[in-house]
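A.B. asks: Kindly generate the corresponding structure for this input.
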Amino acid sequence: MKNTLTVGASATRRIQIDTPRTIDFLGESLRVYATPELVRDFEIACREFLLDHADAGEDSVGTGISVSHGGATLRGMNVTITVTVAKVEGRLVTFDLLARDDLEEISRGTHSRFVVEVEKLRAKVAAKAAKVSG
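C.D. replies: Presented below is the predicted three-dimensional model:
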């Protein structure tokens, strides 16, 4: 991991809430941003941010997430996601998360990711797969 990653560094991502990001079980008139999609969008924003600070052959994996989701964001609205580095402990990076739609704050939380060497992770996963199938 490069030494460019610092506490307080942040990135912002703006997305439009399309149909695949919404729940459908309340009917078409109540299609709102689904919590699992919000979590996914937070994870993607953090991973993409970390890739800018990763060395060749590195990526990151999520290790924990905790979010509130207190606002209903309608299909077609925009959401601005801001991720801010709160802590760097070796290869473990913790982010503060914030999401706002066009009218209000809808979510806040934290997410941690671990920077990995892809080939080492690939070998570890292959070894586990071999144990399962063996």
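A.B. asks: confidence score at the closest residue to Arg47 other than its chain neighbours?
C.D. replies: Taking Cβ to Cβ, 6 or more residues apart in numbering, and ignoring the residues beside it in sequence, Arg47 has Ser60 as its nearest neighbour in space, at 5.6 Å. In short, each C-beta sits where N, CA and C put it, glycine included. Confidence per residue is given as pLDDT, and for Ser60 that number is 97.
A.B. asks: Could you give the bridge partners of Ser60?
C.D. replies: Val115 (DSSP bridges).
A.B. asks: My guess is it contacts Thr94. True?
C.D. replies: No - using Cβ atoms under 8 Å as the test, Ser60 is too far from Thr94 to be in contact (11.9 Å).
A.B. asks: how far does the helix-or-strand element of the chain with minimal mean pLDDT sit from the chain's center?
C.D. replies: The element with the least model confidence among the helices and strands of the chain, by mean pLDDT, DSSP states H and E, is helix 118-133, at a mean of 91. The gap between the average C-alpha position of helix 118-133 and the chain average comes to 24 Å, counting by Cα atoms, centre = their mean, to the nearest Å.
A.B. asks: just stretch 29-37 next, same as before
C.D. replies: With Cα atoms, centre = their mean as the basis, stretch 29-37 stands 17 Å off its chain's centre.
A.B. asks: For it, which residues meet the burial criterion?
C.D. replies: Judged by neighbour count using 16 or more other Cβ atoms under 10 Å, the buried positions of stretch 29-37 are 31-34, 37.
A.B. asks: now these as TSV including secondary structure?
C.D. replies: Output for these, formatted as TSV (DSSP: H, G, I helix; E, B strand; the rest coil):
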residue	secondary structure
Arg31	coil
Val32	strand
Tyr33	strand
Ala34	coil
Glu37	helix
